[in-house]
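*Asks:* Here is the input, now give the coordinates:
(2 chains)
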Amino acid sequence: MPSLRHPFDNQRLVGTLFLAPALLYIVLIVGFPFLLAIAFGFSDVTVGNTELNFVGLRNFEAVWDNAIFRQVFETTIRFTLISQVFILLFANILAIIFTQDFTGKWFARFIFILPWATPVSLAMIGWLWMLDTKYSPIDYLLLQTGFLGRGGILSDDRNLFWLASPDLAQISVIFVQVWRMTPLATVILMAGLSSIPTDILDQAEVDGSRFMRTLLLIKLPLILPIMVIALLFSMITMFGDMTVVYVLTRGGPVDYTRVLGLYSFQVGIEGGNLAQGAAISLFAFPLLLAMAIFMLRTASRAEVR
Amino acid sequence: MKLAIRLLIVLSIFAALGVGVNAQGDYAEGTEISLLQWSHFVPRYDEWFDAYAAEWGEANGVGVTVDHVNFTELFSTLAAEIDAGDGHTIVEVLFSPASFIDGLHDLRDINEAAAEAHGERTATCHAASYLPINDAYYAYTHGYVPDPGDYDIALWTDAGYPDGPKTYDDLLEGGRAIYEATGIPVGIGMSPELDSRMANRAAIWSFGGSIQDENENVVLNSEETIAAVKYLAQLQNEAMTDEVFGWTAASNNQALIAGEVSYILNSNSAYRSLQKIDEAAAANIGFTPALAGPAGAYASSHVWQIYVIPKYVEGDELAAAKQFILDHTENYSDVTYYSELYNFPCYPTTVPELDGWLEADPWGSEPPNKFEVLKTVNDWSVHLGFPGVTNPAVSQVFAESIIPNMVAQVALGEQTAEDAVAAAHERIEEIFADWRARGMVGGM
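*Replies:* Residues are numbered from 1 along each chain as shown, chains lettered A, B, ... in the order given. Predicted coordinates for the structure are as follows:
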């Protein structure tokens, strides 16, 4: 007598069912707006008229001819790359520290994750105050310690003008992005470090491998695929972000901190030119896609080795 | 009695025009309207408005709800609601919503009715709600906010200007003298934000330059604009700090309240804030009209109060919305009063008390005639598209902060005025061409 199999014994079916909510989420929350942005980019929609009249590549040509856009595109890439260097560096250091045993480790981990857990707009309002052009507490401390003010080491002014000086505004935005993104990368790397089989580390210790040797020749190569994933998450999040600069600088001074997300919003929503706003945001897509493919392949190769 | 007569006139005009606005209370059972507007700078105004709206609803048999949001959210909310085809009945925005025109009802009927009832509307209001190329009233502008200069009386008196600066030359000479003597700078923003966008335009207009001409052709790249940009760069280098490159909408208020600025361009908001904190310090603040340059004295209105009705609004809801807007204008004395003279009327006849209030501020200024300079506001307060209209291209130029960025680049010494103006002109030409292709900008 043939046995009756329960439908849930079918692994393909169960796998599909488990994946379905995630796929639905991706299609509705990511896929649909993305397709809509493509449709907008090839049309002449405005904020007042979302009727899709096909205009071919007109918007993309216009955007590429726009010198401000090219500057913004370059700024976005530069900010993202510089931030990633610091995020990776700090995340590796912190992941190693947080995987060691020490008193107060859980509290330290809790405090450290806060920048990531805090709503970004709220956190940015805090930074807006910290970096205020006139009333920055950082400036106050520097003033009290003689670094600012008449005869000060840093400046004769009472303020450094964190968000008004072209150099300091760029440094401030990159610093805040690093502050915001490092916890996520750290948590991912901690997961990677925790997954290294202890017998490998024990063997290395027995063989007399010291800390740096173990780190550079065993731990880092083993967590490389996870490191690449952390980097990918961080880069994609930062590349599309507009909240940090929207709150802190609105892209200024001049265009020094204007990034793609912000410019797309300014042109598309505030300026009413929805089609060009969509085209601006879509310029990031091929770059991010190529980056994702490259990094995932790198991660895959490292995993195979 | 006067109010009743005015109401009668308005209703008669509507009856004659046949615009479909129902008489008071003549709406289907269950008719509701909803309004979306900013959280007014003056909380007292919102209290008055919410109570007024509720009373109007009761009197007219219409359910009225009012939602207040931060002004930065108005355009994005309006865009979302038009796209969704559902949302608020009336949305009040603070800058011309010309780019939304396809999603908005033409409000010619109530614009004409109000003009019939109250006489000519101020030019700054007309230009912020009418698009000539389409011959369409895409909005109804009921009020605007003057943007005079605020100066520190003691500092400017010491510098030899007891009545404050009257010209851009005065501002440079006096502002520089004050900065050198006290370290207190002038505060004219040069950053990508609202106040800077308007302050920089004011100088360009007063020097004879402009973004577009009367016929919506781009004319930014001119000797006059270059002279204005050179002037602003010199002013920054000699009388201001680098703070102006990071200027925000709150900077005027912060600086004036802290006593760390000798002159700003602002609505009365910075002054009113100071008045509530320190009356003596507020008494030391004087106002100037737009500063005169080689070509005249112009300043942009600070913001406009502009009602729009999206096309998804129909039937009795639409009729009630139009009636609400007209009745609101009827009560503009209250609007101006409860906004602490922040809102000025687009139809001056609706606030006959205004001159008296400017001579004796009902909100306790010292001296009482502090705002008297605003009697001439309609001679110098213009709109963003001056001397043309505020079309969608002008709005996009405004949103992209092209003008303050152009000025800041020169002030920072990164570009010559000639190169910066030429580059800005090129970008503005691109924007105008794009909107012109959509049939929403004239010229050429």
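*Asks:* On the three-state scheme, B:T141 is what?
*Replies:* At B:T141 the chain is in strand, as set by DSSP: H, G, I helix; E, B strand; the rest coil.
*Asks:* Now do the contacts for the residue nearest to it when sequence neighbours are not counted.
*Replies:* Of all residues beyond its chain neighbours, the one nearest B:T141 is B:C125 (4.0 Å), with distances taken as CB to CB, 6 or more residues apart in numbering or on different chains. C-betas here are computed from N, CA, C, even on glycine. With contacts taken as CB atoms under 8 Å, 6 or more residues apart in numbering or on different chains, B:C125 has the following neighbours: B:141-144, B:304, B:346.
*Asks:* what does B:V219 give?
*Replies:* Residues in contact with B:V219, defined by CB under 8 Å, 6+ apart, are B:209-213.
*Asks:* Those residues, buried ones only, as a ChimeraX selection?
*Replies:* Those of the contacts of B:V219 that count as buried under 16 or more other CB atoms under 10 Å in any protein chain shown are selected in ChimeraX with:
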select /B:209,210,211,212
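*Asks:* For chain A, state which of the contacts of B:V219 is nearest.
*Replies:* For those, the closest approach to chain A (CB to the nearest CB) belongs to B:I211, at 14.0 Å.
*Asks:* Thought B:L220 was touching that closest one, still the case?
*Replies:* Yes: here B:I211 lies in contact with B:L220, judged by CB atoms under 8 Å, at a distance of 5.2 Å.
*Asks:* okay, and the common contacts of these two?
*Replies:* B:I428.
*Asks:* So A:G151, which state does it fall into?
*Replies:* When states are read from three-state DSSP, the local structure at A:G151 comes out as coil.
*Asks:* Scan the chain for its longest helix.
*Replies:* Assuming you mean chain A. Among all segments of chain A classified by DSSP state H, the helix with the greatest residue count is helix A:67-98.
*Asks:* other chain: chain B
*Replies:* For chain B, the helix with the greatest residue count under DSSP H is helix B:417-437.
*Asks:* hmm, back to that, distance of the residue nearest to B:T141 relative to B:Y140?
*Replies:* Between B:C125 and B:Y140 the distance, using CB to CB, to the nearest Å, works out to 9 Å.
*Asks:* One more: B:Y179?
*Replies:* 44 Å.
*Asks:* out of the two, which sits in the busier spot?
*Replies:* A side-by-side neighbour count of B:Y179 and B:Y140, using other CB atoms under 10 Å in any protein chain shown, places B:Y140 first with 29 against 19.
*Asks:* Touching, the more buried one and B:A113? I think so.
*Replies:* No: if you go by CB under 8 Å, B:Y140 and B:A113 don't touch, sitting 10.0 Å apart.
*Asks:* Regarding the residue lying closest to B:T336 once chain neighbours are set aside, what are the backbone dihedral angles?
*Replies:* Counting by CB to CB, 6+ apart, B:V351 is the residue found nearest to B:T336 once chain neighbours are left out, at 5.0 Å. According to degrees, to the nearest 10, the main-chain angles of B:V351 amount to phi -130, psi 70.
*Asks:* The residue in the stretch 101-250 of chain A positioned nearest to chain B: neighbouring residues, count only.
*Replies:* Using CB to the nearest CB, the point where the stretch 101-250 of chain A gets nearest to chain B is A:A164, with a distance of 2.9 Å. Using other CB under 10 Å, A:A164 has 27 neighbouring residues.
*Asks:* sorry, back to before: what is the nearest of the contacts of B:V219 to A:L201?
*Replies:* Distance from A:L201 was checked for each of the contacts of B:V219 by CB to CB. The minimum falls on B:I211, at 66.9 Å.
*Asks:* ok, now which ones touch the closest one?
*Replies:* Contacts were defined as CB under 8 Å, 6+ apart; by that measure B:I211 touches B:201, B:204, B:218-220, B:385, B:394, B:397, B:403, B:428.
*Asks:* Could you identify the most distant pair in these?
*Replies:* The largest separation in the contacts of B:I211, counting by CB to CB, is between B:R201 and B:V218 at 14.4 Å.
*Asks:* Contact partners for residue 288?
*Replies:* Using chain A here. Applying CB under 8 Å, 6+ apart, one finds that A:L288 lies in contact with A:235-236, A:239.
*Asks:* Correction: the question concerned chain B.
*Replies:* If you count contacts by CB under 8 Å, 6+ apart, B:T288 has them with B:148-149, B:151, B:163-166, B:373.
*Asks:* Separate out the buried members of those.
*Replies:* Buried subset of the contacts of B:T288 (neighbour count, 16+ other CB under 10 Å): B:148-149, B:151, B:164-166, B:373.
*Asks:* Any chance of those residues in CSV with secondary structure and distance to chain A as columns?
*Replies:* Output for the buried ones among the contacts of B:T288, formatted as CSV (DSSP: H, G, I helix; E, B strand; the rest coil; distance: CB to the nearest CB, whole Å):
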residue, secondary structure, distance to chain A
B:P148, coil, 23
B:G149, strand, 20
B:Y151, strand, 19
B:G164, coil, 23
B:P165, coil, 23
B:K166, coil, 28
B:V373, helix, 28
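*Asks:* Spell out which parts of the stretch 151-300 of chain B neighbour chain A.
*Replies:* On the criterion CB under 8 Å from any CB of the partner chain, chain A has as its neighbours in the stretch 151-300 of chain B the residues B:190-193, B:241-248, B:251, B:254-255, B:258, B:260.
*Asks:* just the stretch 301-444 of chain B next, same as before
*Replies:* Proximity of the stretch 301-444 of chain B to chain A (CB under 8 Å from any CB) is limited to residues B:392, B:395-396, B:398-402, B:405, B:408-409, B:412, B:414, B:423, B:426-427, B:430-431, B:434-435, B:437-438.
*Asks:* Buried subset of these as a PyMOL selection?
*Replies:* To isolate in PyMOL the members of these that are buried, counting by 16+ other CB under 10 Å, one can use:
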select buried, chain B and resi 392+395+396+398+399+400+401+402+405+408+409+412+423+427+430+431+434+435+438
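*Asks:* Could you let me know which of the contacts of B:C125 ends up closest to B:V93?
*Replies:* Checking those one by one against B:V93 (CB to CB), the nearest turns out to be B:W304, at 8.2 Å.
*Asks:* before we move on, back to that, and the angle for the longest helix of chain A with helix B:417-437?
*Replies:* Angular relation of helix A:67-98 and helix B:417-437 on a 0 to 180 degree scale: 100 degrees, by axes from the mean of the first three to the mean of the last three CA atoms, to 10 degrees.
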